[in-house]
Each structure stands twice: as structure tokens, then as C-alpha cells.
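In: Quick one: sequence plus predicted model below, questions after.
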Amino acid sequence: QVQLVESGGGLVQAGGSLRLSCAASGRTFSDYSMGWFRQAPGKEREFVAAITRSGSSTYADSAKGRFTISRDNAKNTVYLQMNSLRPEDTAVYYCAARTSPVIIAKALFWNYWGQGTQVTVSS
């Protein structure tokens, strides 16, 4: 069992940046693949980025070149640096953990979830 708590969301103008953090507690953080998903009103939860235990990262096409996922195993924390934000990035962003080292870009296959943090990008 692992508990996840996100922080760092907020309101930003288009073109701005935010860094989301997700602090994990419980079982050994380094055992998990970590991911970020987002959900806009009326839409399904969608994959944004993920990082394996060994540090390999995967991104949704919408995030490539603008977002960077990283992890600090000593701090039990995963980050999502978001640059060049667009109004269409507005959503609740969720941190997720998966016990498998294989990244699957579907929410159904992730085991643990945080409560989410709101990101709003104004035009």
C-alpha cells in the first residue's frame, strides 16, 4: 500500500510554467513506477507521463517537449515540470503508482492514486 499526495497546482497564464509534486508514503517508493494523469470536466482521465523505477520516462504526445517527469527516490517524490502551458492543459492532475515496471498509458492499470491537484491555464 502506498499513499500519494499531490501539490503545486494553481492558476497560470498561457505560456507559463508549473511544477507539480507528488509525495509518497507507505511501501518503498523505489519499487513503483510513477505516473501523472489528468482529467478535464466531462472527459476521461488521460495519461500525461510516467517514469519507471529505473528512471525511463514516457510521455503523451500532448506533453512531449513541454513536460518533464522526474523522481527523487531519496525524497519519495515524483515531479512534473510543465512549461509552455496552454488553456487545453487545464484539468485536475493526478499522481499514480503502479507496482509493475511496465508502463501502460491507461488509468485502469494503475494501482494507487492521489486526490488530485487543479491546474488552470488562462488564455
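Out: Sure thing, it's come through.

In: ranges for the strands of this protein?
Out: Counting by DSSP state E, the chain has strands at residues 2-7, 10-13, 18-26, 33-39, 46-51, 57-59, 67-72, 77-82, 91-98, 112-113, 117-122.

In: What residues of the fifth one count as buried?
Out: When burial is assessed from 16 or more other CB atoms under 10 Å, strand 46-51 yields the following buried residues: 47-51. C-betas here are computed from N, CA, C, even on glycine.

In: And for the third one?
Out: For strand 18-26, burial by neighbour count (16+ other CB under 10 Å) applies to 18, 20-24.

In: Which of these sits closest to Arg98?
Out: Taking CB to CB as the measure, Ala24 is the one of the buried residues of strand 18-26 closest to Arg98, at 12.2 Å.

In: how about Glu46, what does it touch?
Out: 37-39, 60, 107 (CB atoms under 8 Å, 6 or more residues apart in numbering).

In: I meant Met34, not that one.
Out: By CB under 8 Å, 6+ apart, Met34 lies in contact with 22, 24, 50-51, 69, 71, 78, 95-98.

In: now Ser33
Out: Contacts were defined as CB under 8 Å, 6+ apart; by that measure Ser33 touches 50-53, 97-103.

In: could you redo the last one with a cut-off of 10 Å?
Out: The contact partners of Ser33, by CB atoms under 10 Å, 6 or more residues apart in numbering, come to 50-54, 56, 58, 71, 78, 96-104, 110-111.

In: what does Ile69 give?
Out: The contact partners of Ile69, taken as CB under 10 Å, 6+ apart, are 20, 34-36, 48-51, 55, 57-59, 63, 78-82.

In: Please name the nearest non-neighbouring residue to it.
Out: Leaving aside its sequence neighbours, Ile69 sits nearest to Ala49 (CB to CB, 6 or more residues apart in numbering; 4.1 Å).

In: contacting residues for the one you found?
Out: 34-38, 57-60, 62-64, 67-70, 78, 80-82, 103, 105.
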